[in-house]
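Novice: fold the following for me, if possible:
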Amino acid sequence: MDLQKMVINALAALYHGTNDALRAEADRWLQDFQHTLDAWQVADSLLHDPNSSIETLIFCSQTLRSKVQRDFEELPGEAFGPLRDSLSTLLKKLNKGPPKVRTQICIAIAALAVHVSVEDWGGGGVVNWLSVEMKSQPELLPSFLELLTVLPQEANSHRIAARPERRRQFEKELVSFSEVALSLLTACWDFEELKEQVLDGFASWLRFCHGISAATLAGHPLVGGALSSLNSDQLLEAAVNVTSELIHYTVSKNSTDISSQLPLIHVLVPCVMGLKDQLKDQSKDEEDVKAIARLFADLGDSYVDLIATGSNEAMLIVQSLLEVTSHPEFDISSMTYNFWHNLQAILTRRDSYMSYGSEASMEMEKNRRLQIFYGPFEMLVSLVCSKVEFPADYSGFSEEDLKDFKHARYALSDVLLDATEVIGGIAALKILFLKLVEAVRNCEQNSRWQPCEAVLFCMQAVAKSVPSQENELLPQVFSLIPKLPLQQQQLHQTVCTTIGAYSKWIDTSQLNILPPLVDVLTKGMGSSEETAAAAAVAFKYICEDCRRKFVGSLDGLFHIYHIALSGEGGYKVSADDSLHLIEALSVIIMELPPEHASKALELLCMPAINPLQAIVNQGAAALQQLPARQLTVHIDRLACIFRNVDLPEIVADAVHTFWPLLKAIFDSRAWDMRTMESLCRSCKYAVRTCGRCMVHTIAAMLEEIQALYQQHNQSCFLYLSSEVIKIFGSDPSCTDYLRSLIEKLFGHTVKLLGSIEDFTARPDIADDCFLLASRCIRYCPDLFVPSSIFPMLIHCSMIGITIQHREACKSILSFLSDVVDLANSPEGEKYISIINNVILPRGAILTRILIAALTGALPSSRLEDVSYVLLSLTRTYRVKIIEWAKESISLIPPAAVTEAECSSFLSALSKAASGSSISHLTSTLEELSDVCRRNRNVQDMVQGALRPLDWNFTTVA
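Specialist: Residues are numbered from 1 along each chain as shown. Model prediction:
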């Protein structure tokens, strides 16, 4: 069976078959086929076949487009002419569709133009060629217009496997033909049926080319046509796209100062402002309103600096933007949020007024502007308050609807913060207070809780802007809370968050409001899980800020804590939210005298320690069979305590007391990753809080983890060791412990990571191992660098450089750069000979692996990390790195990387070695990476030449 028939059969199986296994097999076969050399001829033939089905046409057009983009280098030089002619014929044939197929052919021709220079294309390049075709065959204008639209869109496409230099050259060529392109579009404007396509093409060229003066554009017939089309229902979307591009054009980075753009701005702004009434036109389609709203948002975002001057014309735009913000649809309203933020920043930022000279002049101008914009931002506060209100039917929301609504509320709260920055916290609070009074009054009459909740939501959003000394409004606000129907869970939840938000004010208040507010929170813990979560967070905030007021009420607080953790009394505090209660009590404990703090810490730990002790007392067999969650819920609470009670000596004593219990869990559950991670996290926070106060426990802990690591290979033992190294690395009394730790942990790890497959299978161990190694370089180089394990770890890191796991790879590369940077630093002078003895014999291989990583062995997202290691080597080894790099780069075939590109790379490396700016090296490495990744064949060719996983590979002279 010939290939054409096989493609047709495979497509039939994929689109019309009923057997899922056969469909999957057909899909795989078709994908593999697209990468073959035969795909060129087969796709081309089927596209020209008048009997081909729509599925065949779509597949073959996508295949041909992809081949031109990625695999053009497969073809011999003489194939260009026939390919261009074939694509041109197809473009003409597809003048009336199918549109999807025609678009693919247009993209293919654009990609071909990127690959081929003007001289090789002939006829003055693709745009002139297209011009001739359009003038000679006007009946085919739809196809030609689409190609004219696609050309600038594809100019910078990295899907096209062109060399960076050729891509830049094509961009210059296209810019030089921009006037020709616009004249072609202008000539087509008279055809009514082509106007939408013309507008799309104009928008595309505007987006690409910014070399035309604003004065020229202001009088250009295409600009006039686009602006007049804003009143056309049929052309509105295309006209909006052009107008939007024109607005962006006036403020693009390629534009000169804004004054030179005024001729075009003076044309654009009145036309857009003339659409204002359509924002409220009920007969308008929502998509049309959205398009018009986008123009107002673009005006605001682009001209925000001009608007911030507060001129009369600017305030008309501001009023229009307020109308967009007030639109009930979030998708429309939210278009303006970025404008309000930027306007607020300009109005309140000091550097916005630097041009006014003296401080007095600057302050005067700032006050003038703030006064002008006070009214609009005041209206914004009221607008936000009405828009965050829960709808009456919210209980019927799906989970996704509720998520969207909450997202909208948080976005609106950011707008509220912007408004508050301009008018001030007190002013915003006054507006909201009046709304709260009205809402509470109405709630008593009609039981509508939503307005009350909305105002409180806004009040908690602006809490940080309200001075803690405020004593007029907030006392009245908190006096209204008991009058609210807190049986409504959503309202109760917002009341709790509001209490938490004003915790600093509650602390300074002279009113005795703390007990009733704590009562509100404790009732919230028994309301629902969501309300309990909000209450727990609020409880943490008021304990943090009102800690001194709570010192005498510890018994009551511990009562709440024990009930919440035990689940008694109807409390619905989840395990995760219980950690907020621990944080709350931790800050109060730190206010106590040492003898009382020690006892309070014991009470805080008991709800976690007692269940663990009871489990351990049941024996090792029972402990091993228990689900991990029954242990980790208590261990995580201990971790939270050790993290937040910042009393090193007292916590160290507690850890020492609890160590036998923790050791029993270590010994019985060392095989269980979840339990070990939780336990190591707990120990890590203990080490971090206690520091060297933990000296009595640290030896036993180190002995435990190094023994268990060698048996069970749990990576969490490595990250716990990292914390130990950080705290005790420079402590002479711990030298013997740490030396043993380093040798045993790393010695075992290098046995585990003997190949890239081992790294891939154990990325967590690789990650934590090399994070620990970097810690050793920073905190105990005297122990680490001279050790016998150091060269073994360098060797191990080189094996793992090309691991695909992001974090593990970054840790390995960071370790290597840390080693080389140490050798190049004043502090590392005494280690130079040791490091050189390790690096120099491996330098050629290391450089080859790094160049392979740059050129495709690792994803392009790792480019920065790999480049930094190469830069570190360059700074340290200078001439040597040039020799190593030359050996490696010479292995790559000229078909993949030209001699000029190799020379550019080596030259940039040489300049970096001489101490010149690293920016040139960075851009050269990026370009080399781009060249070597331009398509799969080239990437395979480069990796096949560099062979980063082959350690026995040596270059042949």
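Novice: how does this structure divide up, domain by domain?
Specialist: Using the TED database, the domain ranges for the chain come out as 1-74, 737-836, 841-956.
Novice: mean pLDDT lowest where, among the ones you listed?
Specialist: With a mean of 91, domain 841-956 has the lowest mean pLDDT of those.
Novice: circling back to that earlier point, between the domains of the chain, which gets nearest to residue 185?
Specialist: Using Cβ to Cβ as the measure, domain 1-74 is the one of the domains of the chain that comes nearest residue 185, at 23.8 Å. Any C-beta I mention is one placed from the backbone N, CA and C, and that applies to glycine too.
Novice: so how far is that closest one from its chain's centroid?
Specialist: Relative to its chain's centre, domain 1-74 lies at 36 Å (Cα atoms, centre = their mean, to the nearest Å).
Novice: can you put the domains of the chain in TSV and add distance to residue 85 and mean neighbour count?
Specialist: As requested, these are arranged in TSV below (distance: least, Cβ to Cβ, whole Å; neighbours: other Cβ atoms under 10 Å):
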stretch	distance to residue 85	mean neighbour count
domain 1-74	11	17
domain 737-836	43	20
domain 841-956	24	18
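Novice: now render the ones you listed as TSV, adding distance to residue 607.
Specialist: Formatted as TSV, the domains of the chain follow (distance: least, Cβ to Cβ, whole Å):
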stretch	distance to residue 607
domain 1-74	53
domain 737-836	31
domain 841-956	44
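Novice: nearest residue to the middle of this structure?
Specialist: Closest to where the C-alpha atoms of the chain average out (Cα atoms, centre = their mean) is residue 861, at 13.0 Å.
Novice: and that residue, what does it touch?
Specialist: By Cβ atoms under 8 Å, 6 or more residues apart in numbering, the contact set of residue 861 is residue 806.
Novice: any idea how far it is from residue 871?
Specialist: Computed as Cβ to Cβ, to the nearest Å, the residue 861 to residue 871 distance reads 18 Å.
Novice: which non-adjacent residue is nearest residue 710?
Specialist: Distances taken as Cβ to Cβ, 6 or more residues apart in numbering place residue 748 nearest to residue 710, at 4.9 Å, with adjacent residues excluded.
Novice: contacting residues for that neighbour?
Specialist: Neighbours of residue 748 in contact, by Cβ under 8 Å, 6+ apart: 709-710, 713.
Novice: which of these count as buried?
Specialist: Buried members of these, scored by 16 or more other Cβ atoms under 10 Å, are 709, 713.
Novice: out of the contacts of residue 748, which comes closest to residue 562?
Specialist: For the contacts of residue 748, the minimum distance to residue 562 (Cβ to Cβ) is 36.7 Å, reached by residue 709.
Novice: what lies in contact with the helix or strand containing that closest one?
Specialist: In this structure, residue 709 sits in helix 695-712 according to DSSP states H and E. By Cβ under 8 Å, 6+ apart, the residues outside helix 695-712 that reach it are 652, 655-656, 659, 663, 666-667, 670-671, 676, 680, 683, 687, 714, 717-718, 720-721, 724, 728, 733-734, 737-738, 740-741, 744-745, 748.
Novice: same check, this time on stretch 181-199
Specialist: Contacts of stretch 181-199 (Cβ under 8 Å, 6+ apart): 127, 130-131, 134, 141-142, 145-146, 148-149, 151-152, 201-202, 205, 212, 220-222, 225-226, 229, 234-235, 238-239, 241-242.
Novice: coming back round to it: among the domains of the chain, which is nearest residue 335?
Specialist: Across these, closest to residue 335 is domain 841-956 (Cβ to Cβ), at 31.2 Å.
Novice: what's the spacing between the closest one and its chain's center?
Specialist: Using Cα atoms, centre = their mean, the offset of domain 841-956 from its chain centre is 28 Å.
Novice: cool, stretch 455-464 as well?
Specialist: Relative to the centre of its chain, stretch 455-464 is centred 28 Å away, using Cα atoms, centre = their mean.
Novice: assign the residue nearest to the centre of the chain to helix, strand or coil.
Specialist: helix (DSSP: H, G, I helix; E, B strand; the rest coil).
Novice: do residue 895 as well
Specialist: Here residue 895 is coil, with the state taken from three-state DSSP.
Novice: what's the pLDDT at the residue of the chain most remote from its centre?
Specialist: When distances are taken from the C-alpha mean of the chain, residue 136 lies farthest, 50.1 Å away, according to Cα atoms, centre = their mean. What the model reports as pLDDT for residue 136 is 94.
Novice: list the residues that contact it.
Specialist: For residue 136, counting by Cβ under 8 Å, 6+ apart, there are no contacting residues.
Novice: how far away is it from residue 204?
Specialist: 23 Å.
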